[in-house]
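S.K.: My questions concern the predicted model and sequence given below.
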Amino acid sequence: MQAVIGSVTVECVVGDITAQADVDAVVNAANAELLPGGGVAGAIHAAAGPELAAECRPLAPIRPGDAVITSGQRLPNTHIIHCLGPVYGRDEPAAALLAECYRNALHLAEEHRLGRISFPALSTGAFGYPMAAAAEVALRTLAEEAQRLHYVRLIRLVLANEGAYRVHAEALSRCAPMT
């Protein structure tokens, strides 16, 4: 499913965030220390290779809502944008911090003149953010930010399964006209 907002295409797909060879940057659902972990962070670090942890070390720690950028290392992408989403029920205000993750990632993409970016469903795994609430924050924020983007032309949400896809596609349909 996709929508066009201004000159930006926003799409939802089921897939593997590390296998998005047609985008300039993938977003990592990072931990504060930017270390390999489970879930998205573990998959990205495994695919990118051990050099990624070395490149991340001087950038850590980051706080909820923050984003930093590194090279793509062994991934097919030129960059990885690392975001620390809020832990649901602990980091407050959770919705504002989650929205900041998406905004800050897009600002880094713009700063580096990247045209295509893929996001996972930030904070919905081990950080416990309810999928439907996180999808609303994500798609509303992306729709708002799309109006201000000069370089980014594709925003892809790469979801782990059909259930996550349906929730995000519904949120996208509420936030933007379908194509």
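M.R.: Looks like it came in fine.

S.K.: Spell out, range by range, the helices that occur in the chain.
M.R.: Ranges of helices in the chain, per DSSP state H, are 39-48, 51-56, 94-111, 131-146, 162-175.

S.K.: Going by neighbour count, list what's buried in the longest one.
M.R.: Taking 16 or more other C-beta atoms under 10 Å as the neighbour-count basis, helix 94-111 is seen to contain the buried residues 94-95, 97-110. Using the backbone N, CA and C atoms, a C-beta is placed for each residue, glycine as well.

S.K.: Same check on the first one?
M.R.: For helix 39-48, the buried set under the neighbour-count rule, 16+ other C-beta under 10 Å, comprises 39-41, 43-45, 47-48.

S.K.: how close does the most centrally placed residue in the chain sit to G89?
M.R.: By C-alpha atoms, centre = their mean, the chain has its centre lying nearest to F119, at 2.9 Å. Separation of F119 from G89 (C-beta to C-beta, to the nearest Å): 22 Å.

S.K.: Poorly predicted segments of the protein, please.
M.R.: 177-179 (pLDDT under 70).

S.K.: Now with 50, please.
M.R.: 179 (pLDDT under 50).

S.K.: Export the helices of the chain as CSV, with columns for distance to D22.
M.R.: Output for those, formatted as CSV (distance: least, C-beta to C-beta, whole Å):
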stretch, distance to D22
helix 39-48, 16
helix 51-56, 20
helix 94-111, 15
helix 131-146, 18
helix 162-175, 18
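
S.K.: among these, which is nearest T9?
M.R.: Nearest to T9 among those is helix 131-146; the distance by C-beta to C-beta comes to 9.1 Å.

S.K.: Report the angle between the closest one and helix 162-175.
M.R.: 40 degrees (axes from the mean of the first three to the mean of the last three C-alpha atoms, to 10 degrees).

S.K.: who does helix 131-146 touch, helix- and strand-wise?
M.R.: strand 2-5, strand 8-14, helix 94-111, strand 154-159, helix 162-175 (3 or more C-beta pairs under 8 Å, 6 or more residues apart in numbering; DSSP states H and E).

S.K.: just how off-centre is that helix within its chain?
M.R.: 11 Å (C-alpha atoms, centre = their mean, to the nearest Å).

S.K.: Show residues contacting it.
M.R.: Helix 131-146 is contacted by residues 5-6, 8, 10, 95, 98-99, 102-103, 106, 119, 121-124, 152, 155, 157, 163-164, 167-168, 170-172, 174-176 when judged by C-beta atoms under 8 Å, 6 or more residues apart in numbering.

S.K.: Thanks a lot, see you next time.
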